[in-house]
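Trainee: my questions concern the predicted model and sequence given below.
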Number of protein chains: 2
Amino acid sequence: MEDAQHTVTILPQNVRVTVPAGTLLLDAIQQAGIETDVPCGGQGRCGRCLARTEKGEVWRRPNAHLASAQVALGWALSCQTEVRGDVVAFLPPEKVKQEVVVASAARIPTSTRTGPPEDPVISQHYLELTAPSLQDNASDLERMLTALANGRGIKNVSISLPVLKEMERALREGDWRVTAVVEHAPNGGQPRLVAVRPGDAGDASLGAAIDIGTTTVAVVLVDMRTGRIVDSATSFNKQISCGEDVISRIIYSQKGDGLKHLQRLVRETINGLLGELCACHDLDTKRIDHLVVAGNTTMAHIFLGLNPQTIRSEPYAPLATRFPQASALELGLRANPNASVYCVPAVAAYVGGDITAGILSSGLNECTGTALFMDVGTNGEMVLGNGEWMATCACSAGPAFEGAGVECGMRATTGAIEDVHINYKTLEPTLDIIGGGPPMGVCGSGMIAALAELLVTGLVDRGGRINRSHPVARQSQRGRIVSTDHGPAYVLAWAEDSGTGKDIVLTEVDINNLIRTKGAIYAGTLVMMRALGIEPAELEKVLIGGAFGQHIDVEKSILIGLLPDLPWDRFHFLGNTSAQGAYHALVSKGARQKIEEIASKATYVELVADNSFMNEFTSTLFLPHTDIDTFPSVKQLLAELSSNGAGPVQSREKVVGP
Amino acid sequence: MEDAQHTVTILPQNVRVTVPAGTLLLDAIQQAGIETDVPCGGQGRCGRCLARTEKGEVWRRPNAHLASAQVALGWALSCQTEVRGDVVAFLPPEKVKQEVVVASAARIPTSTRTGPPEDPVISQHYLELTAPSLQDNASDLERMLTALANGRGIKNVSISLPVLKEMERALREGDWRVTAVVEHAPNGGQPRLVAVRPGDAGDASLGAAIDIGTTTVAVVLVDMRTGRIVDSATSFNKQISCGEDVISRIIYSQKGDGLKHLQRLVRETINGLLGELCACHDLDTKRIDHLVVAGNTTMAHIFLGLNPQTIRSEPYAPLATRFPQASALELGLRANPNASVYCVPAVAAYVGGDITAGILSSGLNECTGTALFMDVGTNGEMVLGNGEWMATCACSAGPAFEGAGVECGMRATTGAIEDVHINYKTLEPTLDIIGGGPPMGVCGSGMIAALAELLVTGLVDRGGRINRSHPVARQSQRGRIVSTDHGPAYVLAWAEDSGTGKDIVLTEVDINNLIRTKGAIYAGTLVMMRALGIEPAELEKVLIGGAFGQHIDVEKSILIGLLPDLPWDRFHFLGNTSAQGAYHALVSKGARQKIEEIASKATYVELVADNSFMNEFTSTLFLPHTDIDTFPSVKQLLAELSSNGAGPVQSREKVVGP
């Protein structure tokens, strides 16, 4: 076998090379003259050397970057795959790679649905009414309600005064032909007319799912007839000018007209997005007939003009966790003024509607085994449970992942380093920069990646100290380890390559900050699990929500001890679960009802009231943890790396291409 | 018997006279030197000589002015009662007389109820909540809802954004002790918090029942805890400046901002009354937590800002007959801005919520036999039916009864002649004037009385012509029959006695006008009855509502052919049935539900679409009717009067005092 030669055909380039059996597919590709970006240096960790084996026998090392379903389809990391026969391999374009690697992300389906939702919150009806006569001089309203009841089976519909006035005009303008828009309440509540438009309003009734984050506001514009997503957009929450986190916003709200000002800012943010989305698609914002808003408890309070003051101080009892339904008019939103605005209910002061919505869209509420849902941002919110029960907790992680309190930290915007690979031979980093331009700083996912790479390469020890005497670091001409005002630091980008004109570094102080942040989240998770008698290994799924969660890397997160050490296929990165949940609640009555059930069912574990949290937190202030035996895969990897400079040795298994 | 002498003792004066058996009690009273006002000259028609026989035997002519229950209590008209033994008679003060004579008027009970209503629309709850702690940090709202659910059995309560904001302040101000005001929906709908006030709000939650008449607006202020009426007040509808009747209001509403202006005027009228009533009792209008409004369909449309235009023209299909519930804030009313305003549903364009409310308060909807409900004003609305079915119709009676189109006509305000008796011997009138001052004109009830008296005394013939050659009229020194620019006329008051400095007259043209008015109402009633196969004699009850109806006289109304010729005890004058019905709907969920049922059940008979209406109308243009056989009692009376100058001879029956 060792002497056998095999032909490797590489598509789409259709280049052929002959290599000895056992050659790494990556080496065959490079031998064929095809340039391949391998930031991790071939350790099977960056996922950039993805290929699909179309034909032929290969041996492939199991790898958490790929789900078993993907392996079955022939996907492989070429740096982890040996050629064992004549092989045809396909190198996908960049976009396909991303889709494969960000495994099973339960995104909002952007494809057009084939029909309207089964249990729509909004339904649209074109009605041809008969004009009144002396023989039938029922009122216009009775005429409309009878048409809805007899023609569409929608009975007992209520109407507000403004919609009744609109109906009067529409009936005349449309000559008794109108399009009625009905909002259906979950739980058999009374349906209500939200719009009556003249004639056959060919255009759809629209809806908006809105995620109000402390930092970012996302709006998803939806065709309510079909549930199809028309478009979505995000922008910074204009409240940022009044404070970066919820606590500073609450403090701001207590001064003079602070609350009103903050409410106006978030309204402006949302209205800007609604206006922009509608303008892009030549739609009228007045056609937005329903809105669903999900946000953390503080954001929801401020959005509704409710005093958030008690959220800030013990005993953290907010004014409300379920919110009154209000109209777009009442809240000043750019939409049909009679549209209802449903605010997703919260669980507690620090487990908001964003988490309730997230639980729904993550599917945790339908799991049979125990699942963990995490939404990591300035605060970390964790939910443990399944279809039967749910426990939630929250901890203040600090703003490190949001870019604050870190020397060169920044938010995940253009110029942010979002991923880092450090070549174990040269210690030189390869950077992924949002927008592709010169780096301006490093965002949360970049920090996690950098910290994990520094640990793996031995540049940082498990206590978070930078190793100034690393053999390779000393060898290199221009050492990546430098001294700064904040102690030793690793240089991610030199001043001449950066957009700021200064070195972009990660200092030992930054690293300490990051360790406290990841520690708080992991400690919170663990305390809640202990309280409920669940061991990490019992977790069937770890569902990671939040815009930030979408960009982090399982392996690197486990390496630093942010996520529990579980097989990688148990992790699911779900993206903006808050916006997704809001979307579901926007289009489906059933989803709305489930959200209400989740908010009722979920209990809240107050970590502040639990002494074990501080103990646990102290134990997490190591990489990955004081007790490395709780992270066996990391223990093994670190052991292997220290004994073998060429990277971890793992068992190999035989796989055959389709 | 004829020669026997009897002693008559008169109380409270305690004067004694001896009279021969068979003497009229009235003569005995006058013989005792007690002055008694007998405007009808002793014909048993004015009811002013009322006395109660405390002891002794009398013979009494049966009289429609007295119900049998009153006779049983000893009440008698002394001009119709013969002394047959030693008698003790009590002469009641004026106020008692009025109460007795205006029989069985189902007025709003003004006495304090002994307890709260059984099925209140509004309930008030003093709650002592526990402050939140780390062990129980449920939100303020959950805390409140739990207290209502567990402590008071009120579940699934909804709250609006403004009330939630109010709750936040109240909880702090009251140190977790608050008074919650809950509105209960009929038909098992969701209850809702309408106010949360700090501490134990000793004062009651208030409510307002509002009757919006085209001419007059009435407001009844109610203590919602007990259902007790605090006070009531009326004032002219400020819209009068824009037209006297609904048609002219509708025309006004179509010009520029006419509708908004009219809406503002009625709002100002209501707010003035609410403010005045609350100021009088040192109450805060902000405590008015619920309002019920009843008005005709046009008034309801304008009050709500709905376009009434289609009410005016064929096919008379209004925009709505059921009205959206709105808030006091939305409608600009001086009340708790979060109070709901329930607008009583209408049946059709010309059968409004005032009639629906009137049906409820008249009890027609609970009758077993067939009853007729009438509300006579500028328009006449008639309802025929019982607990099983109801038919309604409306006719334009013209504004004569409201004082318009009549030479000396005026509304029923200070200075209006509201009742007239003409002495059959002298043809001199005795006038009842509202406010007691000099007469300024004659209002609707005064016109009916004057016309009936003119007919009875032979001054006017059945065709409505004034008899210039009446023997007595010719005899009198200063003839009451004069010539005017509008033909011959009867002088009700000479210029020197009137407040206007001119003769107050009723001309032949006026009489013609009045005949057409009463004719339209009677014809409408009859057409509807014919359509349903009901004969007038089958009517178990005739229920007369409306402020105007409260002041008219059964006998005189039958005489002129406005009311059907039925035994007088079948007529019930109910006063402002619209306000009464609104009151019931304000305090009781059951009444609210009944009102909804009435509006659903009642059918509408369109008289305009019915040729028989014009035929019937033509027949009614006589006094009382072309076919006098349909008014047998009038036929008999007129025959008797013409043959016997001393008044009608009737059979007498023996009654014994208690």
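Mentor: All right, it came through fine.

Trainee: strands along the stretch 301-450 of chain A, start to end?
Mentor: Using DSSP state E, counting those that start in this stretch, the strands of the stretch 301-450 of chain A run over residues A:326-327, A:340-343, A:371-376, A:379-385, A:390-396, A:416-422, A:429-433, A:441-442.

Trainee: dump the residue contacts of A:Thr507.
Mentor: Taking C-beta atoms under 8 Å, 6 or more residues apart in numbering or on different chains, we find A:Thr507 in contact with A:407, A:484, A:486-489. C-beta here means a position set from N, CA and C on the backbone, and glycine is covered the same way.

Trainee: one more time with 6 Å, if that's ok
Mentor: By C-beta atoms under 6 Å, 6 or more residues apart in numbering or on different chains, the contact list for A:Thr507 reads A:407, A:484, A:486-487, A:489.

Trainee: for it, grab phi and psi.
Mentor: In terms of degrees, to the nearest 10, the main-chain angles of A:Thr507 are phi -90, psi 170.

Trainee: any idea how far it lies from A:Phe548?
Mentor: If you measure A:Thr507 against A:Phe548 using C-beta to C-beta, to the nearest Å, the figure is 22 Å.

Trainee: A:Pro632 too?
Mentor: 27 Å.

Trainee: same check, this time on A:Val58
Mentor: Noted for A:Val58: a distance of 36 Å to A:Phe548, by C-beta to C-beta.

Trainee: next: A:Ala300.
Mentor: Per C-beta to C-beta, A:Ala300 is found 20 Å from A:Phe548.

Trainee: likewise for A:Ile250?
Mentor: In this view, A:Ile250 and A:Phe548 are 22 Å apart by C-beta to C-beta.

Trainee: do A:Ile29 as well
Mentor: Between A:Ile29 and A:Phe548 the computed distance is 33 Å (C-beta to C-beta).

Trainee: how about A:Gly446?
Mentor: 11 Å.

Trainee: domain ranges for chain A?
Mentor: As assigned by automatic domain parsing, chain A contains the domains A:5-101, A:122-198, A:206-343, A:359-399+A:515-640, A:401-508.

Trainee: redo those domains as TSV? Include mean pLDDT.
Mentor: Formatted as TSV, these follow (pLDDT from 0 to 100):
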stretch	mean pLDDT
domain A:5-101	77
domain A:122-198	94
domain A:206-343	94
domain A:359-399+A:515-640	91
domain A:401-508	88
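
Trainee: which of these sits closest to B:Gly436?
Mentor: Proximity to B:Gly436 (C-beta to C-beta) singles out domain A:122-198 among those, at 45.0 Å.

Trainee: quick check: end-to-end length of that closest one?
Mentor: This stretch, domain A:122-198, spans 18 Å end to end (C-alpha to C-alpha, to the nearest Å).

Trainee: and for stretch A:129-141?
Mentor: 11 Å.

Trainee: all the helices of the stretch 401-550 of chain A, in order from the start?
Mentor: When secondary structure is read from DSSP state H, counting those that start in this stretch, the stretch 401-550 of chain A shows helices at A:444-456, A:471-475, A:508-531, A:546-549.

Trainee: and the stretch 551-658 of chain A, by the same measure?
Mentor: With DSSP H, counting those that start in this stretch as the criterion, the stretch 551-658 of chain A has helices at A:554-560, A:577-587, A:589-601, A:611-619, A:632-643.

Trainee: any idea which of the ones you listed is most buried?
Mentor: Among the helices of the stretch 551-658 of chain A, helix A:577-587 has the highest mean neighbour count (mean count of other C-beta atoms under 10 Å in any protein chain shown), at a mean of 29.

Trainee: what angle separates that one from helix A:589-601?
Mentor: For helix A:577-587 against helix A:589-601, the angle by axes from the mean of the first three to the mean of the last three C-alpha atoms, to 10 degrees is 130 degrees.

Trainee: and helix A:577-587, what does it pack onto?
Mentor: The contact analysis (3 or more C-beta pairs under 6 Å, 6 or more residues apart in numbering or on different chains; DSSP states H and E) places helix A:577-587 against strand A:206-212, strand A:216-223, strand A:288-295, helix A:353-362, helix A:589-601.

Trainee: ok now it, how far from the chain's centre?
Mentor: Centre-to-centre, helix A:577-587 and its host chain are 13 Å apart (C-alpha atoms, centre = their mean, to the nearest Å).

Trainee: please apply the same query to stretch A:573-586.
Mentor: How far stretch A:573-586 lies from its chain's middle: 9 Å, per C-alpha atoms, centre = their mean.

Trainee: what are the contacting residues of that stretch?
Mentor: A:105-108, A:207, A:209, A:211, A:218, A:220, A:222, A:292, A:294, A:354, A:357-358, A:360-362, A:543-545, A:547, A:550, A:591-592, A:595.

Trainee: which of these are buried?
Mentor: The neighbour count (16 or more other C-beta atoms under 10 Å in any protein chain shown) marks A:106, A:108, A:207, A:209, A:211, A:218, A:220, A:222, A:292, A:294, A:354, A:357-358, A:360-362, A:543-545, A:547, A:550, A:591-592, A:595 as buried among the contacts of stretch A:573-586.

Trainee: which bits of the stretch 251-400 of chain A sit near chain B?
Mentor: Taking C-beta under 6 Å from any C-beta of the partner chain as the criterion, the stretch 251-400 of chain A approaches chain B at residues A:304, A:307, A:315-321, A:324, A:326.

Trainee: who does the helix or strand hosting A:Ala76 pair up with?
Mentor: Assigned by DSSP states H and E, A:Ala76 falls within strand A:75-77. Strand pairing for strand A:75-77, using DSSP bridges, gives strand A:50-55 (antiparallel).

Trainee: can you list the residues that contact the strand it pairs with?
Mentor: Contacts with strand A:50-55, where a contact means C-beta under 6 Å, 6+ apart, come from A:74-76, A:78, A:88-91, A:97, A:657.

Trainee: report the buried residues of that strand.
Mentor: Buried residues in strand A:50-55, counted by 16+ other C-beta under 10 Å: A:50-53.

Trainee: after it comes which helix or strand?
Mentor: strand A:57-60.

Trainee: ok, that next one: who's next to it in the sheet?
Mentor: Sheet pairing of strand A:57-60 (DSSP bridges) gives strand A:81-83 (antiparallel), strand A:653-656 (antiparallel).

Trainee: how about the contacts made by A:Phe622?
Mentor: By C-beta under 6 Å, 6+ apart, the contact list for A:Phe622 reads A:Arg462.

Trainee: brain fart, A:Val157
Mentor: By C-beta under 6 Å, 6+ apart, A:Val157 lies in contact with A:145, A:148, A:191, A:193.

Trainee: find the closest residue to chain B in the stretch 151-300 of chain A.
Mentor: Here the stretch 151-300 of chain A gets closest to chain B at one residue, A:Leu161, 4.7 Å apart by C-beta to the nearest C-beta.

Trainee: skip the chain neighbours and tell me the closest residue to A:Pro132.
Mentor: B:Ala317 (3.4 Å; C-beta to C-beta, 6 or more residues apart in numbering or on different chains).

Trainee: now do the phi/psi pair for that neighbour.
Mentor: Torsion angles, degrees, to the nearest 10, at B:Ala317: phi -100, psi 110.

Trainee: and the contacts of A:Thr507, which of them are in strands?
Mentor: Residues of the contacts of A:Thr507 located in strands (DSSP state E): A:484, A:487, A:489.

Trainee: of the residues you listed, which fall within the contact range of chain B?
Mentor: Restricting the ones in strands among the contacts of A:Thr507 to those within reach of chain B (C-beta under 6 Å from any C-beta) leaves nothing.

Trainee: out of these, which are buried?
Mentor: Counted by 16+ other C-beta under 10 Å, the ones in strands among the contacts of A:Thr507 give A:484, A:489 as buried.

Trainee: closest to A:Lys155 among the ones in strands among the contacts of A:Thr507?
Mentor: Closest to A:Lys155 out of the ones in strands among the contacts of A:Thr507 is A:Ala489 (69.4 Å), distances taken as C-beta to C-beta.
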